[in-house]
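[1] could you look at this predicted model? Sequence included:
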Amino acid sequence: MTQIIVLPHLELCPDGAVFEARKGESLCQNLLENGVAIEHACEMSCACTTCHVVVREGFDALEPSDEVEDDLLDKAWGLEPHSRLSCQLIIGDTPLTVDIPRYSINMTKEGKR
């Protein structure tokens with residue numbers, strides 16, 4: 001198990017969260033299983049950017065993102081150098097501190113068609 005610290009997010013976890021994540025699974029899966037209802041409009045298939053996170057600590061220990069993830073991240077709101085899609089970030093041995101951006105680009109949630 002690997003410790004994950006989620007920094008406070010106004011809607012998803014106002015007090016932040018700390019939990020033990022299962023290695024070999026995506027960060028998105030672990031967040032959902034631990035009560036952090038991160039958006040994942042494409043059902044974790046790497047086809048949107050709604051599960052975008054910023055890795056504040058532990059980024060250098062992660063496997064690098066691939067070209068598909070990088071292309072999608074270019075469309076994410078609040079992109080930073082340590083941004084990742086949580087559906088593509090596989091948990092390893094290194095503890096992570098993550099920040100969920102305040103906004104996402106989710107046309108369905110925003111009521112647009």
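    That came through, no problem. Just so it is clear, the model here is predicted, and its values are computed rather than measured. Numbering: from 1, shown residues only.
[2] use CA for all of it now, contacts and neighbours both
    OK.
[3] run through who's touching stretch 2-21.
    1, 22-23, 27, 30, 34, 36-38, 91-102 (C-alpha atoms under 8 Å, 6 or more residues apart in numbering).
[4] pull up the distance across it, start to finish.
    5 Å (C-alpha to C-alpha, to the nearest Å).
[5] cool, stretch 53-67 as well?
    End-to-end distance for stretch 53-67: 17 Å, by C-alpha to C-alpha.
[6] please apply the same query to stretch 54-71.
    Using C-alpha to C-alpha, the two ends of stretch 54-71 sit 16 Å apart.
[7] buried set for it?
    Within stretch 54-71, the residues that qualify as buried by neighbour count (16 or more other C-alpha atoms under 10 Å) are 54-55, 57, 59, 69.
[8] contacts only, for the closest residue to Ala41 other than its chain neighbours.
    Among residues not flanking Ala41 along the chain, Thr50 sits closest, at 6.3 Å (C-alpha to C-alpha, 6 or more residues apart in numbering). Counting by C-alpha under 8 Å, 6+ apart, Thr50 touches 38-41, 76, 104-106.
[9] and the least confident of the residues you listed?
    Lowest pLDDT within the contacts of Thr50 is found at Asn106 (65).
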